[in-house]
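Visitor: model the following, please.
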Amino acid sequence: MSWNDERVEQLRKMWMDGLSASQIAGELGNGITRNAVIGKVHRLGLSGRVKAASSAPSRPRIQQPRVPRNPTPRRPAGNGVHGNNAIAFNFRPAIAQKPIEDVIVPMCEPITIMELRDGLCRWPLGDPTTPEFRYCGGKSEIGVTYCPYHSRMAYQPAQDRRRERDRERRAEQQARLAG
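Guide: Purely as a prediction, here's the structure:
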């Protein structure tokens, strides 16, 4: 399809009347697309149109005070996340540490395997191949293997164990890269 004088005149009239390029393309038909109308408008040098003022009175915008999205302090998590050639820190909110209760190391007389009974802690102390090898022997509840102190060491939540394992792996990788 070619642009003849009649079509160009129709285009100019509809453009000045405020019709959109899509509306003009629909009126002209015969394979004229919206993009063809826009291209012709630019080639003809038709000026941009001023938008008609809306009938509703405009309201001044009130500036709202900015509030931070996340007011909690942030700190880098661990040694960072290893990427291609750089290290990017994985930030997470700082969490207050839980107070540790009853962190009292039991003062008890270590016992031999022959002295072990129900209600006594079975936490091994020392090297089992030596004659000085003993067990904690602290008080534990009936049916529980360890005293409260050693139970905390033995029964860690899986997430804590994973975190510690990942920390050790990162340290090993850094040692290999450094040395």
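
Visitor: check the burial of the residue nearest to Gly119 when sequence neighbours are not counted by counting its neighbours.
Guide: Excluding the flanking residues, the one nearest Gly119 by Cβ to Cβ, 6 or more residues apart in numbering is Ile142, at 5.5 Å. Just so you know, the C-beta spots here come from the backbone N, C-alpha and C atoms, and that holds for glycine as well. Counted with other Cβ atoms under 10 Å, residues neighbouring Ile142 total 6.

Visitor: cool, Leu116 as well?
Guide: Quick note: Leu116 (other Cβ under 10 Å) scores 13 neighbours.

Visitor: check Lys40 too.
Guide: Neighbour tally, Lys40, other Cβ under 10 Å: 20.

Visitor: gap between the residue nearest to Gly119 and Ala154?
Guide: Going from Ile142 to Ala154 by Cβ to Cβ, to the nearest Å gives 17 Å.

Visitor: over to Val37?
Guide: 78 Å.

Visitor: who has more neighbours out of these two?
Guide: Neighbour tally, Val37 and Ala154, criterion other Cβ under 10 Å: the higher count belongs to Val37, 23 against 11.

Visitor: for stretch 121-133, what is the average pLDDT?
Guide: Model confidence over stretch 121-133 averages 90 on the pLDDT scale.

Visitor: same thing with stretch 158-176?
Guide: 85.

Visitor: now do the buried residues in it.
Guide: The neighbour-count check on stretch 158-176 (16 or more other Cβ atoms under 10 Å) flags nothing as buried.

Visitor: pull it out as PDB, backbone CA atoms only.
Guide: Taking C-alpha atoms only, stretch 158-176 is exported to PDB below (Å, rounded to 0.1, in the frame of the first residue of the first chain):
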ATOM      1  CA  ALA A 158      19.700 -30.400  62.700                       C
ATOM      2  CA  GLN A 159      19.900 -26.800  61.400                       C
ATOM      3  CA  ASP A 160      22.700 -25.900  63.900                       C
ATOM      4  CA  ARG A 161      24.600 -29.000  62.800                       C
ATOM      5  CA  ARG A 162      24.200 -28.100  59.100                       C
ATOM      6  CA  ARG A 163      25.300 -24.600  59.800                       C
ATOM      7  CA  GLU A 164      28.400 -25.800  61.600                       C
ATOM      8  CA  ARG A 165      29.200 -28.300  58.900                       C
ATOM      9  CA  ASP A 166      28.800 -25.700  56.100                       C
ATOM     10  CA  ARG A 167      31.100 -23.300  58.100                       C
ATOM     11  CA  GLU A 168      33.800 -26.000  58.300                       C
ATOM     12  CA  ARG A 169      33.500 -26.700  54.600                       C
ATOM     13  CA  ARG A 170      33.900 -23.000  53.700                       C
ATOM     14  CA  ALA A 171      37.000 -22.800  56.000                       C
ATOM     15  CA  GLU A 172      38.500 -25.800  54.200                       C
ATOM     16  CA  GLN A 173      37.800 -24.400  50.800                       C
ATOM     17  CA  GLN A 174      39.300 -21.000  51.800                       C
ATOM     18  CA  ALA A 175      42.400 -22.800  53.100                       C
ATOM     19  CA  ARG A 176      42.800 -24.800  49.900                       C
END
